[in-house]
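Enquirer: Quick one, what's the 3D model for this:
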Amino acid sequence: QVQLVESGGGLVQPGGSLRLSCAASGNIFNIHTMSWYRQTPGKQREFVAHITRSHDAYYTDSVKGRFTISRDNAINMGYLEMNSLKPEDTAVYYCNVEVQTKSERGRVQDFWGQGTQVTVSS
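Expert: Next comes the predicted model:
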């Protein structure tokens, strides 16, 4: 119904920057919240940031001041600008959206991307 494709991950040195992108496509009527989560082996997936349709943004404390979430409603894209990266930011990053689909406008559904690996290492 709804496909999410993340891109922009990779290997970066501590202090470096990366920009993740999330492209949403498919049976979309309206995207409410767009979020980023991350997960490392053996740990639960954790919230990183989310942004509402009106561009109100929220961050987990560990990334405040370093990460910036944004979105382009016209093209159903989400972004996560990551600066001053630290080794502890190493994880698979997942995009999540809350969507009203064209075929089921009466409810909001959750969709996840496949994830993109971010590795911060010297």
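
Enquirer: any idea how far the residue lying closest to Arg66 once chain neighbours are set aside lies from Lys64?
Expert: The shortest distance from Arg66 to any non-neighbouring residue, by Cβ to Cβ, 6 or more residues apart in numbering, is to Ser84 (4.6 Å). For every residue, glycine as well, the C-beta is placed using N, CA and C. Spatial separation of Ser84 from Lys64 under the definition Cβ to Cβ, to the nearest Å is 11 Å.

Enquirer: Tell me where this protein has helices.
Expert: Applying DSSP state H to the chain gives no helices.

Enquirer: Strands along that one, start to end?
Expert: Here the chain has its strands, by DSSP state E, at 2-7, 10-12, 18-26, 28-39, 46-51, 57-59, 67-72, 77-82, 91-101, 109-112, 116-120.

Enquirer: For those, give me TSV that also has mean neighbour count and mean pLDDT.
Expert: Output for those, formatted as TSV (neighbours: other Cβ atoms under 10 Å; pLDDT from 0 to 100):
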stretch	mean neighbour count	mean pLDDT
strand 2-7	17	96
strand 10-12	14	98
strand 18-26	18	97
strand 28-39	19	97
strand 46-51	19	98
strand 57-59	15	98
strand 67-72	18	98
strand 77-82	21	98
strand 91-101	21	97
strand 109-112	14	96
strand 116-120	18	98
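
Enquirer: check contacts around the residue sitting nearest the centre point of the chain.
Expert: Geometric centre of the chain, nearest residue: Trp36, 2.9 Å, by Cα atoms, centre = their mean. By Cβ atoms under 8 Å, 6 or more residues apart in numbering, the contact set of Trp36 is 20, 22, 48-50, 69, 78, 80, 93-96.
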